[in-house]
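A.B. asks: whatever this is, show me its structure:
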Amino acid sequence: MSKKKVLFISGSLGLGHAIRDLAIARELRKGNPDMGISWLAGPPASTWLKEAGESLHPNIGSYADDTGSAEKSAKKGFRLNLLKYLFQAMGSWKQNVKVFEQAVTSEKFDLIIADEAYEIYIALKKRKELRDRIAAPFMMIYDFVGDFAMSWNPVEKLGIYMWNGEWAKGIPFYEEKRNAALFVGELEDVPEASLGFRRPTCREVAEKMCHFTGYVLPFDPSEYMDKAMIREKLGYGQEPLVICSIGGTGVGKDLLSLCAKAFPIMKERVSDLHMVLVCGPRLSPDSLDVPKEMDIKGYVPGLYEHFAACDLAIVQAGGASTLELTALRRPFLYFPLEGHWEQQIHVCGRLDRHKAGVRMRYSETTPQTLAETAIQNMGKEVAYPPIKTNGVEQAAMLINRVLSDFRGNPSH
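C.D. replies: Okay, the predicted model is just below:
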């Protein structure tokens, strides 16, 4: 049997998607030891994948930096309007489509997987000749469906209406037998809100387009329930531990600064408090002015282990970090980026459904109120209902099914 070749495009911002993509890829290899996977991704995901020992496609150096586009679009005050980011990213999206075409023209792949690589999906949807030239099944991975205006600005409302048209018109693309979509999550995570006048709802579109995998995690939560054991492994003591993290972009710098200002207030009441600021791969620890008693780090591999060890986490409302904390059953405060519809609507909706975490609003939070809320929730027993975390296995099974069906009937 010839070695099967897969092109895996890890889109979106930061590292959360790349981490789940690698978990899926490793599960795929368990049942397909002959499978070769080449990666396309922008930084910081490309750097992280290389350090993980993955095979990067030779064209990856030309793949554009979408995370940089988001950071340029962000404003002070913990704000990122995704519509502005989308327009900012147009140039890089054109570049990425060009890189993708070069990759699939110069090399034959048996399967193409794209995690929120919207530019690739839109190019394939609009250009039948490109789909015919590839002649391989295409699978898109989503974790939200539908965009929302976050202001009354008529220009923003028009832009969102146009983008939601792409969602509404996606169903015929996935009705082509060689195309498929996975949704990382559950149907109930998708809002029942309309995509616009005389259009279906987000949930109706998702139900017709997607196979639902459940939640994808890079670890087994059952192995991290013994907090004392994890603390000993990581070198923490018995002192109250708070982990503050903003994920894989530099957009959340203001949140870490707010945590640093709240620390001395908390320290007055919890004298042995240990607070760790995690800047991630895009923000230099030297760029923050923090008290000497604080622990500040750059990128932390396996951050979920530190979440498992903590008494409280304070995080940006990223889909990956909040899901990890929910699965680990740890108390946490989460701040959705203001103007960011995915975090404000989709992530917050999922967390509300799971009764997980305490939602905070950056523009209404002072160091004093953050300190008070943090102390109230530190070490608190949580009552989140258990969530299904076998999404890695489900995703690999669905991908294998698409690949198997295509092998059996190439006309698909």
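A.B. asks: compute the first-to-last residue distance for stretch 298-310.
C.D. replies: 18 Å (CA to CA, to the nearest Å).
A.B. asks: chain center to that stretch, what's the gap?
C.D. replies: 16 Å (CA atoms, centre = their mean, to the nearest Å).
A.B. asks: surely residue 114 is in a strand?
C.D. replies: Yes - residue state for residue 114 (DSSP: H, G, I helix; E, B strand; the rest coil) corresponds to a strand.
A.B. asks: which non-adjacent residue is nearest it?
C.D. replies: residue 9 (4.3 Å; CB to CB, 6 or more residues apart in numbering). Every C-beta, even on glycine, is put in place using the N, C-alpha and C of the backbone.
A.B. asks: got it, and residue 64?
C.D. replies: residue 92 is the one closest to residue 64 (CB to CB, 6+ apart), at 3.3 Å.
A.B. asks: likewise for residue 346?
C.D. replies: Using CB to CB, 6+ apart, the nearest residue to residue 346 is residue 144, at 4.0 Å.
A.B. asks: before we move on, what about residue 312?
C.D. replies: The nearest residue in space to residue 312 (CB to CB, 6+ apart) is residue 378, at 4.3 Å.
A.B. asks: surely that neighbour touches residue 243?
C.D. replies: No - counting by CB atoms under 8 Å, residue 378 does not reach residue 243; the two are 11.3 Å apart.
A.B. asks: common neighbours of those two, please.
C.D. replies: Counting by CB atoms under 8 Å, 6 or more residues apart in numbering, the shared contacts of residue 378 and residue 243 are residue 312.
A.B. asks: the two: who's more crowded?
C.D. replies: A direct count of neighbours by other CB atoms under 10 Å for residue 378 and residue 243 places residue 243 higher, at 28 against 18.
A.B. asks: quick one on the thing from earlier: can you classify the residue nearest to residue 114 by secondary structure?
C.D. replies: strand.
A.B. asks: who's in contact with residue 20?
C.D. replies: So residue 20 contacts 115, 184, 216, 217, 218, 320 (CB under 8 Å, 6+ apart).
A.B. asks: any idea how far the fourth one is from residue 357?
C.D. replies: Just to be clear, that refers to residue 217. 16 Å (CB to CB, to the nearest Å).
A.B. asks: ok, the third one next?
C.D. replies: Residue 216 sits 19 Å away from residue 357 when distances are taken as CB to CB.
A.B. asks: these two: which is more packed in?
C.D. replies: residue 216 (27 against 24).
A.B. asks: residues in contact with the closest residue to residue 215 other than its chain neighbours?
C.D. replies: Nearest non-adjacent residue to residue 215, counting by CB to CB, 6+ apart: residue 391, 4.7 Å away. Counting by CB under 8 Å, 6+ apart, residue 391 touches 184, 213, 214, 215, 216, 217.
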